[in-house]
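Asker: pasted the sequence and its predicted model underneath.
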Amino acid sequence: MPEENSDKTIPVKVAVRIRPLLHKEISEACQECISVTPGEPQVIMGTNKAFTYDYVFGKSSSQKELYTDVVTPLLDGFFKGYNATVLAYGQTGSGKTHSMGTSFTVCTSDDEDSQGVIPRLIQDLFRHIEQDKCEYSLKVSFLEIHNEEIHDLLNPSSTDERITIRESCEGGIKIAGLMEKKVDSVQDMVQCLELGSASRVTGATAMNSRSSRSHAIYTIIMEQRGKGIDSDVRKAKFHLVDLAGSERVKKTNAQGERFKEGVNINKGLLCLGNVISALSDEQRNPSTHVPYRDSKLTRLLQDSLGGNSNTLMLACVSPADSNYEETLNTLRYADRARHIKNKPIINRDPQLAEIMRLRQQIEMLQALQGGQLINGSLTSDNDTGGVNTEEMKDRIKELETENTKLSRELHNFVDQNTHLQEKVLLLELTKEKMVKTFEEIRQRTGETAFPDATDERDDEQEDDEGDMTMAQLQSKLAELERTMLTAPDNESILQNESHDAETMDTSDSPASPLNSTYDSQHALRQAELGRQVQELSKALSLKQELANKIMQNEGTMNSKMIKQYEDTVRELETEISKLEEEKAKLATALATAKTAVHSDSDGKAKSRIKELEAKIVELKKKQAEQQKLRRLKEQSDSKITLLNSEIQNMKSTKVKLMRQMREESERFRKLK
């Protein structure tokens, strides 16, 4: 485990676990093709292929031994604020799900020896929390990747289209739309595990009667906050990954849907192998491309492989000689993974860390000041004569001045930030109003500048409507000019902020330690509210950007374009109806002609019917395309409406936070 302030990289740890031979393999007279070197973390394939890893567990190893040796160190780092990942890899039927405990249920909880990594980790996690003095907040998420689609296993009824992979502001990976459920006990967390496991896709193959057909990732998100005044906040994630096993069609006899699943499983594992190969190349240039984006699996594991995480790869293998090639490939992958370098860091809020630094500096000065006073009084009482009292008084005054200055700087920084946030909010509202007005004017001018050529209007009607439109546009422009005149400009904002700062800095009277502490607490409270406003602003910006992109992709489909679309659909329906009517008449005529003497008109009628059928098919195809466009437009409108609703809610929350900051600042000034 790295030190707290270390910038060193650490390798991915690799453990190999060999399961015993199955009854089926024994009945087929399979022999063991892999052995463990006694006393060494080394395995030997056949007679001459040796591989060395960080940990090796033979066929007689227990679940408890596996957990204690390889997962417990990761849990210790998790409580320090480091991200952690356990990644189970191997062919189908090699014991990955058994080792991870992904299929754990309350019914099997009595058999403690068979419990895998996840249930043991859950119990240890809450045991540690009960003994610790920090405050903890826990959430869990559970997802699967099935046929390259992400499914939320804790919310199976959710729309999978809303689950997307994005990069956070800090450069990490986050999953938008995935449920993170708050848990408070072992029972809550186990219930989430059971719910997700029940929803996971499984199926029977020739090699495994209950084969996992998807990659599953169970994530524990922990936020810990110390109870002391100088404590910080740490937030870390523990990913527990149970990969679907690689498989060969000739062995699994997969067909239909199982065959399609197997293809997608192997595709994802191939992309994972390419990422491992790229990261394990010791001659690799730091700027060399790593193909994380080739699959959703590698995208989600980007932090775990070569990123901010303490990672363990658990390679599960079969000892049967019938699986020799698959076992050898797994060992080679695991060997390459040992060369991957990660750079885990303690996950702290950077703004809160800076505030903590300032607060500690203030408290240190206050403590130093108190110590000098005590020493001064003792020296005076004992009359040692060895200390210059005047120098000590000057030092005390110097410390008081510096302490007051630091407290004032912290308060001014937070207060100015609050004012700027208010100004930015006003400017954003003004900008939105101006953009909305411009858009209305643009649409009105677009409609009046390009009238439909098919419209037939007399001159008097056109003049009346033109005058009405011009009057409306002039009214809109006047309103826009008033908005621009009343909107504060950037220069005035800066002048006001400079004046505010000067006003705040004019008070140079030394503050008492009690007032200084109160100032610090108020500034820290305001800084926390400011941080919440900034996070909300970032999320709001992302929502607005997404809404704008959807609207741009949708295009400028105004009311006139919609009317033209509806007219086109009606014309297509009319034309199809006419053609079908003509076709029916020709078919009737042709049937009647069969009873009469054959003539050239029969051939012409048949030819005409074929032409009509071809035209009808073509027109129906166009009609279907138009209807598809209409449905896409409706879906897009619905998504925009939902986004706008969320944006308005976030804006309301932001306004409430700003109002709270302003009210607290006003109360603070009155008390001062």
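Answerer: The structure has been received and is ready for your questions.
Asker: residue 56 touches residue 36, doesn't it?
Answerer: Yes. Using CB atoms under 8 Å, residue 56 is in contact with residue 36, at 5.6 Å. (C-beta placed from N, C-alpha, C; glycine too.)
Asker: spell out which residues are contacts of both of these two.
Answerer: Here residue 56 and residue 36 have 18, 42-43 as joint contacts, going by CB atoms under 8 Å, 6 or more residues apart in numbering.
Asker: including secondary structure, could these go into TSV?
Answerer: Compiled in TSV, the shared contacts of residue 56 and residue 36 are given as follows (DSSP: H, G, I helix; E, B strand; the rest coil):
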residue	secondary structure
18	strand
42	strand
43	strand
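Asker: buried members of those into ChimeraX, please.
Answerer: Here is the ChimeraX command that selects only those of the shared contacts of residue 56 and residue 36 that count as buried (16 or more other CB atoms under 10 Å):
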select :18,43
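Asker: between the shared contacts of residue 56 and residue 36, which is nearest residue 87?
Answerer: Taking CB to CB as the measure, residue 87 sits nearest to residue 18 out of those, at 17.6 Å.
Asker: how about the residue nearest to the spatial centre of the chain, what does it touch?
Answerer: Closest to where the C-alpha atoms of the chain average out (CA atoms, centre = their mean) is residue 174, at 1.9 Å. Residues in contact with residue 174, defined by CB under 8 Å, 6+ apart, are 165-168.
Asker: partner residues bridging it?
Answerer: Using DSSP bridges, the bridge partners assigned to residue 174 are residue 166.
Asker: now residue 43
Answerer: residue 36, residue 51.
Asker: picking that back up, in TSV: the shared contacts of residue 56 and residue 36, plus distance to residue 179.
Answerer: Output for the shared contacts of residue 56 and residue 36, formatted as TSV (distance: CB to CB, whole Å):
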residue	distance to residue 179
18	37
42	43
43	40
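Asker: need the shared contacts of residue 56 and residue 36 in a markdown table with pLDDT and distance to residue 282, can you?
Answerer: Shown next, in a markdown table, are the shared contacts of residue 56 and residue 36 (pLDDT from 0 to 100; distance: CB to CB, whole Å):
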| residue | pLDDT | distance to residue 282 |
| --- | --- | --- |
| 18 | 96 | 28 |
| 42 | 96 | 21 |
| 43 | 96 | 23 |
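Asker: and which of the shared contacts of residue 56 and residue 36 is nearest residue 636?
Answerer: Distances from residue 636 to the shared contacts of residue 56 and residue 36, taken by CB to CB, are shortest for residue 18, at 53.5 Å.
Asker: what sits against that closest one?
Answerer: 34, 36, 43, 56-59, 317-319.
Asker: derive a ChimeraX selection command for the buried subset of these.
Answerer: Those of the contacts of residue 18 that count as buried under 16+ other CB under 10 Å are selected in ChimeraX with:
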select :34,36,43,56,57,58,317,318,319
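Asker: for the contacts of residue 174, which one is nearest residue 618?
Answerer: residue 165 (40.7 Å).
Asker: show me what contacts the closest one?
Answerer: Residue 165 touches 150, 173-176, 296, 299-300, counting by CB under 8 Å, 6+ apart.
Asker: quick one: low-confidence parts of the stretch 151-300 of the chain?
Answerer: 159-161, 170-171, 203-210, 228-231, 249-250, 252-254 (pLDDT under 70).
Asker: show me how far the helix or strand encompassing residue 191 is from its chain's centre.
Answerer: Taking DSSP states H and E as the criterion, residue 191 maps to helix 186-199. Relative to the centre of its chain, helix 186-199 is centred 21 Å away, using CA atoms, centre = their mean, to the nearest Å.
Asker: surely residue 223 and residue 237 touch.
Answerer: No. Between residue 223 and residue 237 there is no contact under CB under 8 Å: 10.3 Å.
Asker: more neighbours: which of the two?
Answerer: Comparing residue 223 with residue 237 by other CB atoms under 10 Å, the one with more neighbours is residue 237, at 22 against 16.
Asker: and whichever helix or strand residue 440 is part of, what other elements does it pack with?
Answerer: Using DSSP H and E, residue 440 sits in helix 389-449. Under the contact criterion of 3 or more CB pairs under 8 Å, 6 or more residues apart in numbering; DSSP states H and E, helix 389-449 touches helix 350-382, helix 459-486, helix 490-505, helix 513-554, helix 600-671.
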